[in-house]
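> Predicted structure and sequence below. I'll ask about it afterward.
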Amino acid sequence: MVVRGFLSRPLPRAALTSGALMAVGDVAAQLVTAHTRKGSTLVKRKGDKIELPDIQLPKLDLKLSSLQGALDSLRRTAQTLDLDRTARFALVGVTLHGPFFLFGFKWLDAVNVGPPGTLRTAISKSLLGQVTLFPAYLSAFSAYMGYLEGLRGQEIYDKWRSFIWPTFRTGCIIWPPANVINFAMVPPSGRVLYINCVGIIWNTILSYMNASSGKAPQAQQAAR
C-alpha cells in the first residue's frame, strides 16, 4: 500500500520510469553496437551529418542447433555489457531526466501560445521546448554523466563541446514531430511516459553519442 501510494505520485513515477527506460536504451546501444559488422558503428558522423548504421542481420534458421548457437552468442554478448555504464544511465534517468521533464512540461503547459488542443499551439510548444528545455537538458546530461564517469573541470567541458552540437542536431530530427503529437494528443499526466517510450530509440542513440564524445577528450589528454 505504501509503495503503491509512493508510485502514484507524479515525481517518483516519472523518475523511476525514466531510470528504467534510460537503462534499457543503454543496454540496447551496447547490444546493437556489439552486433554491427566490424568497422561499423551505431551512428556514423560525416562532418555535421548523422548516418544510421549498416547492420547485417543473421539469416533465419529454426534448427535446434542454430537456436542453441544464437542463445550462446546472446549469452556471451550479455557478459560483455558494461553494467556500470548502464547504472549511470539509470541514475541520470531517476535524478535528472524524469524530474527535469516533469517540471519542464508543466512549464510548457502553463505558457500561453494559443488555444489549447490546436495543431498550431502544439507546434509552437514543441518548438519552444526544442530551443529551451532540450539544449538545457543535453548540457546538464553531459556534465552530470561526465562527472559520474570520473571527469572533472576541463575534461567535462571538452566532453560537452564534442557532444552538444551533434546530439542537438540529431535530436532536432526526432523530437519536434514527436512533441507535436505529445502536446496535441497526450494528456499532461502522460507526457513524461510518452517521451520515455519514444525515447527508447533516442536513449540508444544518446548512449552511443555520450560514449563517442568521451573519445576526443581522452585523445587530447593522451597527446599532452
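That came through fine. Numbering: from 1, shown residues only.

> Within the helices and strands, which one has the nearest residue to residue 137 once chain neighbours are set aside?
Of all residues beyond its chain neighbours, the one nearest residue 137 is residue 100 (5.7 Å), with distances taken as CB to CB, 6 or more residues apart in numbering. C-betas here are computed from N, CA, C, even on glycine. Assigned by DSSP states H and E, residue 100 belongs to helix 98-110.

> Just name whatever secondary elements that helix is in contact with.
Identification of packing neighbours for helix 98-110 by 3 or more CB pairs under 8 Å, 6 or more residues apart in numbering; DSSP states H and E yields helix 10-35, helix 119-131, helix 133-148, helix 191-213.

> hmm, back to that, for the residue nearest to residue 137, the count of nearby residues, please.
For residue 100, the count of nearby residues is 20 (other CB atoms under 10 Å).

> Do I have it right that it meets residue 140?
Yes. With contacts counted by CB atoms under 8 Å, residue 100 reaches residue 140, the gap being 7.1 Å.

> Just the buried positions in stretch 125-145, please.
Within stretch 125-145, the residues that qualify as buried are 125-126, 128-130, 133-134, 137-138, 141-145, counting by 16 or more other CB atoms under 10 Å.

> For this protein, which residues score under the pLDDT cut-off?
1-7, 35-67, 69-71, 73-74, 77, 214-224 (pLDDT under 70).

> If we use 80, what do you get?
Counting by pLDDT under 80, the ranges of the chain that qualify are 1-8, 32-79, 213-224.

> Specify the angle between the longest helix along it and helix 98-110 in degrees.
Looking only at the chain and at elements set by DSSP state H, the helix with the highest residue count is helix 154-185. Here the directions of helix 154-185 and helix 98-110 differ by 50 degrees (axes from the mean of the first three to the mean of the last three CA atoms, to 10 degrees).

> Just list what helix 154-185 packs against, helices and strands only.
Helix 154-185 makes packing contacts with strand 49-51, helix 119-131, helix 133-148, helix 191-213, helix 215-223 when contacts are defined by 3+ CB pairs under 8 Å, 6+ apart.
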